[in-house]
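1. My questions concern the predicted model and sequence given below.
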Amino acid sequence: MEEVEFVGEFVRVETDPDHPAVAVIRLDRPKVNALNAVLTAEIAEAATRVSTDPAVRAVVVYGGERVFVAGADIKEMADRTHAEMLEYGRNLQNALTLVARIPKPVVAAVTGYALGGGLELALAADFRVVGEGAKLGVPEIQLGVIPGAGGTQRLPRLIGPARAKEMIFSGRHVGAEEAGRIGLADEVVPDGDVYAAAVALVARYAEGPAVALAAAKEAVDRGLETDLDSGLEIERLHFAGLFATEDQKTGMRSFVEQGPGRAEFRGR
């Protein structure tokens, strides 16, 4: 991977050498990428950078070959006050929301542990590629608290409320095979293939119509947050708005003249 414009203490943004339109948000806080205030702020900065960079067409969030994110830094938060945790929780939620709002296809490449805030970060992605040896979970209940960065909200939206409650109430770890079965993982691959599989999953979208992909993502995500009629209105407005784009003209002209699947989009 080649480095691009952002390098923080624990996070850097790189481009995949074989897919230059795919950006990699690489987490690197030894030993287990535990989320602290600095790592959280740098995730937010990286998400903002890739969101606004027109050269980036898809994103991989990757913690390395051994671990994704093993959770929050408990030593950092154990003695905080209620007032301090309100601010801490707000910052962590805001950072992961920035990941969720990246207007491009995003995949979490999960190796090793994705626990607590680590699973919540993976849930902020559109897709999750999980290694066979990975363990996923929201074990906060075992600390006398609950998930605080989206676990009680994004998890039930993905796997259903009953399954989510069982994971949250028990705090147990879910293996890769079960994660795939319940829809928590989109692909389960050998541990050594996680990064390559994640890149391959989103690279297919890198040459697509970027504005339409962003509209599709927002229509689905916003629609899930509202009633059906409002969701249909969101869809209708995005659909009509895309007729102002160059890619719409290119795509429909190509379909008429050459048939489906031959358009070369420019992302505008």
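-> Ah, there it is.
2. For the stretch 101-250 of the chain, which segments are assigned as helices?
-> Counting by DSSP state H, counting those that start in this stretch, the stretch 101-250 of the chain has these helices, from start to end: 117-123, 151-159, 161-170, 176-182, 194-203, 210-224, 228-241, 246-258.
3. quick one, which of these is nearest to Gly267?
-> helix 210-224 (3.6 Å; CB to CB). In this view, the C-beta of every residue, glycine as well, is placed from N, C-alpha and C.
4. Let me see the mean pLDDT of that closest one.
-> Averaged over helix 210-224, pLDDT sits at 94.
5. my guess is Asp247 meets Ala214, correct?
-> No: the criterion here is CB atoms under 8 Å, and Asp247 misses it with Ala214 at 11.1 Å.
6. sorry, back to before: tell me which of the helices of the stretch 101-250 of the chain sits nearest to Pro20.
-> helix 194-203 (10.2 Å).
7. Tell me how many other residues surround the residue nearest to Val202 when sequence neighbours are not counted.
-> Nearest residue to Val202 in three dimensions, chain neighbours excluded: Ala58, at 3.8 Å (CB to CB, 6 or more residues apart in numbering). Here the count is done by other CB atoms under 10 Å, and Ala58 has 28 residues near it.
8. May I have the beta-bridge partners of Ala58?
-> Bridge pairing for Ala58 (DSSP bridges) gives the partners Val22.
9. That one and Phe6: what is the separation?
-> Computed as CB to CB, to the nearest Å, the Ala58 to Phe6 distance reads 17 Å.
10. circling back to that earlier point, any idea how far the residue nearest to Val202 is from Leu136?
-> Applying CB to CB, the value for Ala58 to Leu136 is 23 Å.
11. swap in Glu87?
-> Distance, Glu87 to Leu136, using CB to CB: 27 Å.
12. The two: which is more packed in?
-> Neighbours were counted for Glu87 and for Leu136 using other CB under 10 Å; Leu136 has more, 24 against 12.
13. Count residues in the vicinity of the nearest residue to Phe239 once chain neighbours are set aside, would you?
-> In this structure, Phe239 finds its nearest non-sequential neighbour in Ala215, 7.9 Å apart by CB to CB, 6+ apart. For Ala215, the count of nearby residues is 20 (other CB under 10 Å).
14. Kind regards, and thank you for your time.
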